[in-house]
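[1] Need the 3D shape of this:
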Amino acid sequence: MKESFQLRLTNRSMSYARHSARDILAALFYYKKSVFFSALVPLVLSLLAILGAHRIYTAQARLLILYGGEYVFHPIGQENGGDVALDRNQIIQGELEIIQSPALAARVIQDVGIRRLYPEMPDTPLGEQQAATRLLRDLRVDGVPQSNIIEVSLRNRDRQVALEALDVIIHDYIIYHGEIFLGDRDNGPARLVAQMAARLKEANDKIVAFSLAHNISDLNQQTSIILRRAADLADEQTGIDSEIDNLDAQTKVLNGTLSTLPSRIELFTETDIGQARKTLLDRLLRLRIQLADVRQRYKNTFPLVVDIRHQIREIEIQLRKSPARETNVKRNGTSTIYEELKQQQVLLESRAAGLRSKRDAVTNDRNALQLRLAELTQLSGQYRDLQTTRDTLADSYKTLENNVEATTLSSSLSQLASANIRIVHPPNAPLQGSTLRLPLLGMGLMLGLVAAVGMLAFRVVTQKIFVTVRDVEHGLHVPVLLSIPLYEKQ
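    Model (predicted):
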């Protein structure tokens, strides 16, 4: 059928002008599978959520907020009048903001422990941040209308953990509340301590820089060590000088002795009787034998006897004039005494030279120590001034820190004693926890019904076939005169 050809009816059937129960049931029956699966999906999801749902315990407590002077603002310069006081709603709203602050949640996580509160979360900085965010979701704080009472509740899977965590929240809330209202008064001493600590650190840094620049560790100890070392070197130099003088004296004596001793001496001489003396002795012996023989026959005055005796006297005179022995072999060499004295002289001179070198080294060390001692003496004034300043600041810092600690402790005790928060109902939780299974089931049924109705409407709107009589009249713009029920052949 072409679009230009449209049947215009003046008298249309009014029996199917609107949707009837029959039309709805017919469409529902025709699209029953789509509608069924559309309703089944939310229902199945709700059943899965019910299976994974845990029992939740809710711990509750009530706090009474007393109105104190911290809720009154005193303008500067107006001693009489002009005070601005907060009303009840503003006070309660301020307390609600304090108890639900992320800083307080982070402190509670630190005190309770992330493993204790949320065992499935990692014990890391990121895990602590996530745990604090989850704690704020599980925490509910409401103000009781027309009163100054705050109701605090906390949900958790463990009843005991919920009670302990809520008790820690109330305790930390009271302390955090005091820190907020007493922050200005507490910051003054803390800033003073911080300033004194900074000055003390600066003084220590100056001492360290001065010590590193001039190579000073402990001035008094370093000075005493230098003095002892200088005294030891002086004694050592005196001993070396005495030993050098002794060696020089020995060397001088050895030089004098060596100057009088010959370096070469006669080592060996071989002597024997000379040939002339032997001849004279042989002739003397024969003459004496001859004289003895002649005397037996002649008188002493006999000329032969006198002549023999005269020859004997001449030979004796010659024997007395001739040397008894003559040198045949003579050997010369170096004197051993001279060599030993010479070696001893070299040893003494080398030892004296070594001692002189050692004396020079000791003298250099003494001069260096004297220079270092003079430098330390010159720097001692500045170093002691720095130490005096550091010690004075350290004593002042210690005294100030003790006073601030005592003041802070006293302030904290007085703060806890005079806190304007009272616990009306301590944390309590029912023995039987609540579960979300019934709400999840109801939500699943409701979503399933909505999905089914939506699917039915979508299919009816987008359908390309005729299901009911109204569909025929609406699609073809012709009245239906008769509808025949579905006939099934037997």
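
[2] May I see the buried residues of the host helix or strand of Ala61?
    Assigned by DSSP states H and E, Ala61 belongs to strand 57-65. Of all the residues in strand 57-65, those buried under the rule 16 or more other CB atoms under 10 Å are 57-63, 65. Glycine gets a C-beta too; all of them are placed from N, C-alpha and C.

[3] Tell me the one among those nearest to Leu258.
    Ala59 (114.0 Å; CB to CB).

[4] Now do the contacts for that closest one.
    Neighbouring residues of Ala59 by CB atoms under 8 Å, 6 or more residues apart in numbering: 153-154, 156, 159, 162-163, 165-166, 427-429.

[5] Can you tell me how far it is from Leu117?
    The spacing between Ala59 and Leu117, counted by CB to CB, to the nearest Å, is 12 Å.

[6] again, but for Arg155
    Between Arg155 and Leu117 the computed distance is 11 Å (CB to CB).

[7] again with Arg137
    13 Å.

[8] now swap in Thr392 and tell me
    Computed with CB to CB, the distance linking Thr392 and Leu117 is 49 Å.

[9] How about Leu254?
    The gap separating Leu254 from Leu117 is 99 Å, by CB to CB.

[10] Could you do Gln93 as well?
    For Gln93, the distance to Leu117 equals 27 Å [CB to CB].

[11] cool, Gln343 as well?
    When distances are taken as CB to CB, Gln343 and Leu117 turn out to be 96 Å apart.

[12] Now do the helix or strand harbouring Ile174 and strand 57-65, the angle between them.
    Assignment of secondary structure by DSSP H and E places Ile174 within helix 159-181. Counting by axes from the mean of the first three to the mean of the last three CA atoms, to 10 degrees, helix 159-181 lies at 30 degrees to strand 57-65.

[13] can you pull the alpha-carbon coordinates of helix 159-181 into PDB?
    Once non-C-alpha atoms are left out, helix 159-181 reads as follows in PDB (Å, rounded to 0.1, in the frame of the first residue of the first chain):
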ATOM      1  CA  ARG A 159      30.000  -6.600  67.200                       C
ATOM      2  CA  GLN A 160      33.000  -6.400  69.600                       C
ATOM      3  CA  VAL A 161      35.000  -4.400  67.000                       C
ATOM      4  CA  ALA A 162      32.100  -2.000  66.500                       C
ATOM      5  CA  LEU A 163      31.900  -1.400  70.300                       C
ATOM      6  CA  GLU A 164      35.700  -0.900  70.600                       C
ATOM      7  CA  ALA A 165      35.900   1.400  67.600                       C
ATOM      8  CA  LEU A 166      33.000   3.500  68.700                       C
ATOM      9  CA  ASP A 167      34.500   3.900  72.200                       C
ATOM     10  CA  VAL A 168      37.800   5.000  70.500                       C
ATOM     11  CA  ILE A 169      36.000   7.400  68.300                       C
ATOM     12  CA  ILE A 170      34.300   9.000  71.300                       C
ATOM     13  CA  HIS A 171      37.600   9.200  73.200                       C
ATOM     14  CA  ASP A 172      39.500  10.600  70.300                       C
ATOM     15  CA  TYR A 173      36.700  13.000  69.600                       C
ATOM     16  CA  ILE A 174      36.900  14.500  73.100                       C
ATOM     17  CA  ILE A 175      40.600  15.000  72.800                       C
ATOM     18  CA  TYR A 176      40.400  16.300  69.200                       C
ATOM     19  CA  HIS A 177      37.600  18.700  70.300                       C
ATOM     20  CA  GLY A 178      39.900  20.000  73.100                       C
ATOM     21  CA  GLU A 179      42.800  20.400  70.700                       C
ATOM     22  CA  ILE A 180      40.700  22.500  68.300                       C
ATOM     23  CA  PHE A 181      39.400  24.900  71.000                       C
END
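
[14] Before I go, just wanted to say thanks for your time.
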